[in-house]
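S.K.: What would the 3D arrangement of this be:
(chains A and B, ligands or ions: 2)
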Amino acid sequence: MALHPRAASVPAGTPTRITQGSKTRGGIGESTLRPDGTLKVTGEFAYSSDMWHEDMLWGHTLRSTVAHAEIRSIDIGEAVATPGVYAVLTYDDLPAEMKNYGLEIQDTPVLAHGKVRHHGEPVALVAADHPETARRAAAKIKIDYVELPLITDEASATAPDAILVHEGRTDHHIGHVPHPNIVHRQPIVRGDADAAAARADVIITGDYVFGMQDQAFLGPESGLAVPSEDGGVELYVATQWLHSDLRQIAPVLGLPEDKVRMTLSGVGGAFGGREDLSMQIHACLLALRTGKPVKMVYNRFESFFGHVHRHPAKLHYEHGATKDGKLTHMKCRIVLDGGAYASASPAVVGNASSLAVGPYVVEDVDIEAIALYSNNPPCGAMRGFGAVQACFAYEAQMDKLAAALDMDPVELRQLNAMEQGTLLPTGQPVDSPAPVAELLRRVKARPLPPEQQWLAADAGGSSVDVRALPGGLSNTTHGEGVVRGVGYAVGLKNVGFSEGFDDYSTARVRMEVINGEPVATVHTAMAEVGQGGVTVHAQIARTELGVSQVTIHPADTQVGSAGSTSASRQTYVTGGAVKNSCEAVREQVLEIGRRKFGTYHPAWATAELLLESGKVVTDGGEVLAPLADVLEGEAVDVELEWRHRPTEAFDLRTGQGNGHVQYSFAAHRAVVEVDTELGLVKVIELACAQDVGKALNPLSVVGQIQGGTTQGLGVAVMEEIIVDPRTAKVRNPSFTDYLIPTILDTPTIPVDVLELADDHAPYGLRGIGEAPTLSSTPAVLAAIRNATGLELNRTPVRPEHITGT
Amino acid sequence: MRVNFTVNGRKQEADDVWEGESLLYVLRERMGLPGSKNACEQGECGSCTVRLDGVPVCSCLVAAGQAEGREIVTVEGLADYARHRDDAHPGAGCAAGTCGTSLDRAKRWQARPTDAQGAEAAELSPIQQAFIDAGAVQCGFCTPGLLVAADELLETQPSPSDQDIREALSGNLCRCTGYEKILDAVRLAAARQEETVR
Ligand code: FES
Ligand code: FES
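M.R.: Ligands and ions are numbered 1, 2, ... in the order given. Below you'll find the predicted structure:
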C-alpha cells in the first residue's frame, strides 16, 4: 500500500500462540494508570484546541441560517476588504474536481454549492489574524437564499411530490430503496411472524419516539493546519480515525495522500461525533490558500452544528407471547431520521435492524429499518449506534408484556433471554457466552438503596436534606408527592464494524536496548479519545514482551491504519494488532538469542521460551539471558496488519447473513424518585452488570461503564436537540439549553463486572464502551413508569410528560 | 489595551488585548497557558475554572480587563499553590469556615515563578495525584477546571461529605466519567490530606 511507506519491515512469520505470563508488572488485568495522566492533570497535555504556531491565522466558518434553500449569490466583497483578513473562500475556490466528502457516500459538500440542505451547513470560510476579526468578517458576507419546501419527517420525505434532498443519487443503495429520500432500508424476515402471532395468547404493540441526542464531547472541534514546503499540508487534529479522514481530505485538496500528513492531537472525548469530518478540510484549504498556519476552534454553539448527532427515531413494535411468557413473535418498524447527509446512516440502519429484537430468543420476526434523508441536522455515529434506539423500544415492550401477562418483568426477560448458540434474526449464531439472564439476576439481587434518604441524612430522621430530593437545592419539595420506582433493562450491542467491512488494524512494535534497559515502542494510528487505549497498549506490550518500559508513539499517518475508535472495537482490534506484532517481535528476539547463545544451552532449541521481567526464560522458569544481552545494539521492528474473523453483508431482502463479529451485553437497574407534583426526577442509583470477557484494565473498564451509563441517563431525562418542525432549525445549540447530566444529576453507579471469555477474541476480551449506553435509558424510563404508573413512550421524559400539563 | 496581572505567582503583562477578549483567551492564547480549557465559553461547563484572587471563577466569563492587578491561579500553578498552602498550615487542621481563602489572604499569596521550581515542578498537588490514582481522568478535558474547583473545596472544607462534593462540583461538566471516580478522587485526596495532618 502506497499509504504505508514503512510497512512490514519483516515478514509476518507465524507468531507463537502462547500468551506471556504476567510476571512483568503493569501487564494486562492490572489497573495500571494512564500514561497521559500527569500531563492531563497539570494542563500540559496538548489538546487540538491548544495548538499554537507562530504567525498563525484563525479560521472561521460561515454557516447557513436557513435549513433548505437555493443559494442565488454570495457577496464576499466587504469581508475580503476587512483589515486583518487573509482569505475568504467559497465553493468556487475549491481546488479539485472532488468537492464532496462522506464516510460511505460522498454526498457532503465541503462548502455549500447551489443549495443548503440543513441549518448550520458551512457556506464560506474566513482566515484572519484574530478570531474575532474572522468572525466579524464572516458576518459581512451576504448570501441571497431562496427558501425551498422542507423535508422533516417520513411523510414529507416520501410524499409523491416530495422534493429530493439529493437529486441524481448514484450511491449503491439507490437501487433498493423505495424512495430516493430514503438513504437505506434493511428488512429482516425470519420464520413466519404472522403464523406465530396466531399462536400468541397476548399481543401488545407500542409506538416509541427517541429524541435527537448530541455527543457533547467537551473538547471542541479544532485543529491546526500547517502548509509544508512541498505543497502539502500537516494537520494536527482531534479525530476518531486518522486514515479515514485522510482518505476524505486528500481528494478534495487535490493532493496525493502522502502530502497530507496527519497527527492526532489531544482529543477531548468523541462518542462517535468525530467520525465525520468537521474543520479538517476547511483549515487545510485556508492554510494552503494563505501559505500560513491556520487554527480553527469551534465554540460550543458551532460545535452543535459541526458534528452529526444520534439519529432520532420513531419505532413501532409488536410482541406476542404465550400465557406462560414465551415470546412467540416480534414485528417492528424503525424509522431513523438521518438528516441532510448520509454520514453513517446505512450502517446505523444495519445495526438497528439486526439488533432490533434485543438479547431475546424470538424465532419468528418481521423487521424493517429505514433512514431518511431530510432537512434536519445530519445524524450519524453515536455511542450505541442504532442499537440504542431499538433497546429503548424493545425494553419498554418487555415491561408492557410483563404487565399484560401479570409476570415479573425481570422473570419475563430471563425466560426469553438468549444464550450462547441462540440465533439472531439474521440467522447468525451467538457463538460466545451470552449471560443475559445472569446479568439481570445480578442487578436484581443487589440490595436496594434505603428509602427516603433525604430523611435518613439526619440522625433523628426529623429534618429534611433537600439536596437528596428531586429538585435539590431549588427546595421544590420536602418529600410530599415524592414516589419511588425501580426499573430494569438489558441490551445487546455488536462490537466492531459489521456487514463485511474490512475492519483491520495495524501496529508497529519496536524493541531495543536504551541505557541498558530493554524498551518497547508501540506505534499505531489509534485515536486515543479518552477511552484508555494507550494504557492498554502498554499493558499488552509488557505482558507479551516482558519489559517494564513501554513507550507509546504518537498516533499519526506514518503508520498503517488502526481503524476507528468507535464501535467498542479498539481494544479488540488494535489491541489485537499490538499483541500480534509483539508476538512477531518476540519470535525475532528469540531468533537472535538462538543465534547468539544457542550453543551454550540446549533449552534455546528445545524449550518453550518466554520473555519475562527483561529476560529470556524457559517455561520452566530457567533464565537463559537478559534481553539487554540478546539485543545489544540490535533493534527489532515489526509492522503488521491484524484482522478478526470476517463478516458478511446482510441479504437486502431477507436480512440473513453473518454480519457481526462479537456481542456485548449489559443490564441496568434504575432506582428513581419522582416528584409527581412538579414532574421532577431524581435518579437515586443506576446499577450496572456487564460481561467484559476479560478486563484488561479493571479501573478503565469501570470508568467506561459509568460514563456510558451516564450518557444513557442523560437521554432518559434531559438530553435532546430540539429541531423546530416548521423551520428545521436547531433551537437549543448551547449548554444552557442542551442539558447534559451534572454531578448532581448523576447517582452512584455500582458496577458488577463479569468476565466470561470470548474464545475468538484476544485474551477473551469483549468491547465494552457502548453496551452500558443501551440499557441505562430504558431502565430509567421503566423506573419512572414504575413510580408514576404513566405510559411514557418517548425520550427524554420532561416534567410536563409526568404532570400531564 | 494593556493588562497587568499575576499568573501563578509571576507578574505578567499582555499587550494589544481587544476589549472583548476574555481572561480565558488571554491565558490560553497570549500567556501560553492552555491548561484552562475552552469547552463552552458560555460559563456553563466549568472547564475554564481558575482562581481569581482565590475565588474560583469561569475565566471565559471574565473580561481580560477585569483581571487588571489581580492574582490568577490556573491548573498549571496548582501544585505550587497547594504546596504553599501546606507551608502556611503546617499540620494544623482548621475549624470549618475559618480556613477558606479569604480575599485578603489570597491577595497576599505569592507563588514562586514557574521557571524557578526546579525538580519540585514534577510534584503534583494531592488533588492532582488523587485524580490520576482514582481513574478520574479519561479524556481529561474537564480535568483542569475540576481540579481547581476541587482544590478550593478541600481548602475550605477538608472533609467534605458526598453532598458537599457534589454541590461544589456541580458547575463542572464531565462527559466521560460518570462522575463516580471524580467523587472517589476528591474523597481520596481528602483522606490523604487528613492522614498528613494527623
Ligand atoms: S469554557 Fe468557561 S464555563 Fe465552559
Ligand atoms: S470530559 Fe472527558 S474526562 Fe471529563
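
S.K.: Tell me where the longest helix sits in chain B.
M.R.: Criterion DSSP state H: the longest helix present in chain B is helix B:180-197.

S.K.: Out of the helices and strands in chain B, which is least certain?
M.R.: Using mean pLDDT, DSSP states H and E, helix B:103-108 stands out as the lowest-scoring helix or strand of chain B, at a mean of 39.

S.K.: and residue A:704, that's in a helix?
M.R.: Yes. Applying DSSP: H, G, I helix; E, B strand; the rest coil, one finds residue A:704 inside a helix.

S.K.: how about the helices in chain B?
M.R.: With DSSP H as the criterion, chain B has helices at B:23-25, B:78-88, B:103-108, B:126-134, B:143-156, B:162-168, B:180-197.

S.K.: returning to that earlier point: packing partners of the longest helix of chain B?
M.R.: helix A:698-717, helix B:126-134, helix B:143-156, helix B:162-168 (3 or more CB pairs under 8 Å, 6 or more residues apart in numbering or on different chains; DSSP states H and E). Backbone N, C-alpha and C define where each C-beta goes, glycine included.

S.K.: rerun at 7 Å
M.R.: Under the contact criterion of 3 or more CB pairs under 7 Å, 6 or more residues apart in numbering or on different chains; DSSP states H and E, helix B:180-197 touches helix B:126-134, helix B:143-156, helix B:162-168.

S.K.: Output it in PDB, but only the C-alpha positions, please.
M.R.: Taking Å, rounded to 0.1, in the frame of the first residue of the first chain, the C-alpha atoms of helix B:180-197 are listed here in PDB:
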ATOM      1  CA  GLU B 180     -18.200   8.500  40.300                       C
ATOM      2  CA  LYS B 181     -14.500   8.400  40.000                       C
ATOM      3  CA  ILE B 182     -14.300  12.100  40.400                       C
ATOM      4  CA  LEU B 183     -16.100  11.700  43.700                       C
ATOM      5  CA  ASP B 184     -13.600   9.000  44.600                       C
ATOM      6  CA  ALA B 185     -10.700  11.200  43.700                       C
ATOM      7  CA  VAL B 186     -11.900  14.100  46.000                       C
ATOM      8  CA  ARG B 187     -12.600  11.600  48.800                       C
ATOM      9  CA  LEU B 188      -9.100  10.100  48.300                       C
ATOM     10  CA  ALA B 189      -7.400  13.500  48.400                       C
ATOM     11  CA  ALA B 190      -9.400  14.500  51.500                       C
ATOM     12  CA  ALA B 191      -8.400  11.200  53.200                       C
ATOM     13  CA  ARG B 192      -4.800  11.600  52.300                       C
ATOM     14  CA  GLN B 193      -4.800  15.200  53.500                       C
ATOM     15  CA  GLU B 194      -6.300  14.100  56.800                       C
ATOM     16  CA  GLU B 195      -3.600  11.500  57.200                       C
ATOM     17  CA  THR B 196      -0.800  14.000  56.700                       C
ATOM     18  CA  VAL B 197      -2.500  16.300  59.200                       C
END
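
S.K.: Mind checking the pLDDT average for it?
M.R.: For helix B:180-197, the mean per-residue pLDDT is 91.

S.K.: the inter-axis angle of it versus helix B:126-134?
M.R.: Calculated by axes from the mean of the first three to the mean of the last three CA atoms, to 10 degrees, helix B:180-197 forms an angle of 130 degrees with helix B:126-134.

S.K.: residue boundaries of the helices in the stretch 101-250 of chain A?
M.R.: Along the stretch 101-250 of chain A, the stretches classed as helices by DSSP state H, counting those that start in this stretch are A:131-139, A:154-158, A:193-198, A:242-253.

S.K.: Close to chain B: what parts of the stretch 651-800 of chain A are there?
M.R.: A:699-700, A:703, A:706-707, A:709-710, A:734-736, A:740, A:742-744, A:746, A:748-749 (CB under 7 Å from any CB of the partner chain).
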